[in-house]
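S.K.: Sequence and predicted structure below; questions after.
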Amino acid sequence: MKLVHKNYLLITVFTLVGFLIGYLLHPSQTNIFKEIRNQEGYTFINPLLECEYNFNPQSQKNTQNIKNEISTFINQSLEDKNIFAASIYFRDLNNGPSFGINEEELFSPASLLKVPLMIAYFKETEHSPGVLQQSILFDQPINQQEQNIKPEKELIIGEEYSIEELIKRMIIYSDNEAYELLINNIDIKNYEKIFTDLGIDISLAKNNPGGNIINIKDYASFFRILYNASYLNKEMSEQALDLLSQSTYKKGLVKPLPKDLLVAHKFGERNYLTSQDKQLHDCGIIYLLNKPYLLCIMSKGSDFDLLSKFIQNTSHIVYKHLI
């Protein structure tokens, strides 16, 4: 029995060493674990239970092909001056392969920050039921000059709105006034805690809140924790992604996709009035049948139309490789 046990240990050690050598020789194949998920009939979430070793060469090859084509497209877009810079983050939510392109580049998140604010309120609701039913008076407008993409529905001055209704308008219509009411109503420590808990450094925001303060990989983690239901409970995570799936913005990720394909996403746009610099981002989960994936695209340029087309074309590249 001792000899058998010793042989087993040797086999295990050699196997692990083999995995390590393979990892070092093939650094692009960094995600080799299949994610085991809990199927409970939810529409938007799929909680992660565990991971198991499941190296899939075909899946890795397909992911690498996507990355290569997008890299070529980015380089061509830079050469054509359609963009100044771009970052991409992709993750296969079934099998785990992922990649990032320029993932350390910093961007101004703009309206993307509405997602962590929603998460902060939903987290508070878990501990204090009734928070969403509280009302806030909308007594004066804010400056909408910087919001290039206007909300389809606007708040009415003098009306009271429940926090739940304001969150819906903030996410579905990307309403800046709803955001201002909500951010001014919450304990800012509870909001900042969302970033701290995920290990996201937003210290740059203290001196320059409208500047480049976050990278794409960090931001993508908000969608991962919602999909995994690993931060909010299952009901709140499902509700958050449900709202994101109702976004009225259709000129980014969703434009090249079939109209009946479910997509939970949030866009953000920044228009600097003192220069011609603009930023446009779109990040979300595309619920392709049996192949859900996370795709985030952040871009900088001088023309919103060109930036939106860049995002559309990038989204199409990913989709055509996966169908």
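M.R.: In hand now; what should we look at?
S.K.: which residues of the stretch 101-250 of the chain score low on pLDDT?
M.R.: For the stretch 101-250 of the chain, applying pLDDT under 70 flags the ranges 143-146.
S.K.: Recalculate using a threshold of 90.
M.R.: In the prediction, the stretch 101-250 of the chain carries residues with pLDDT under 90 at positions 141-150, 206-210.
S.K.: Report the contact partners of residue 132.
M.R.: By C-beta atoms under 8 Å, 6 or more residues apart in numbering, residue 132 lies in contact with 121, 125, 162, 163, 164, 167. (C-beta placed from N, C-alpha, C; glycine too.)
S.K.: ditto for residue 87
M.R.: 100, 101, 102, 103, 105, 107, 215, 216, 296, 297, 298, 299.
S.K.: so where does the most centrally placed residue in the chain fall, helix or strand?
M.R.: In the chain, the centroid-proximal residue (C-alpha atoms, centre = their mean) is residue 220; its distance is 3.6 Å. Assigned by DSSP states H and E, residue 220 belongs to helix 216-228.
S.K.: Mind giving me the packing neighbours of that helix?
M.R.: Counting contacts by 3 or more C-beta pairs under 8 Å, 6 or more residues apart in numbering; DSSP states H and E, helix 216-228 packs against strand 85-92, helix 114-127, helix 234-244, strand 278-286, strand 293-301.
S.K.: CA atoms of that helix as CSV?
M.R.: The C-alpha coordinates for helix 216-228 follow below in CSV (Å, rounded to 0.1, in the frame of the first residue of the first chain):
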residue,chain,number,x,y,z
ILE,A,216,-11.5,47.7,-18.7
LYS,A,217,-10.6,44.6,-16.8
ASP,A,218,-11.4,46.1,-13.4
TYR,A,219,-14.7,47.4,-14.8
ALA,A,220,-15.7,44.0,-16.3
SER,A,221,-15.6,42.6,-12.8
PHE,A,222,-18.9,44.3,-12.0
PHE,A,223,-20.6,42.2,-14.6
ARG,A,224,-18.9,39.0,-13.5
ILE,A,225,-20.0,39.4,-9.9
LEU,A,226,-23.6,39.9,-11.1
TYR,A,227,-23.5,36.9,-13.4
ASN,A,228,-21.9,34.8,-10.7
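S.K.: where do the strands sit along the stretch 1-150 of the chain?
M.R.: With DSSP state E, counting those that start in this stretch as the criterion, the stretch 1-150 of the chain has strands at 33-37, 48-53, 85-92, 98-101, 106-107, 135-137.
S.K.: so what strands line up beside the fourth one?
M.R.: If I follow you right, that is strand 98-101. With DSSP bridges as the test, strand 98-101 is paired with strand 85-92 (antiparallel).
S.K.: and residue 151, helix, strand or coil?
M.R.: coil (DSSP: H, G, I helix; E, B strand; the rest coil).
S.K.: tell me the contacts of it?
M.R.: Residue 151 neighbours (C-beta under 8 Å, 6+ apart): 169, 173, 174, 175, 176.
S.K.: Nice, that's everything, thank you.
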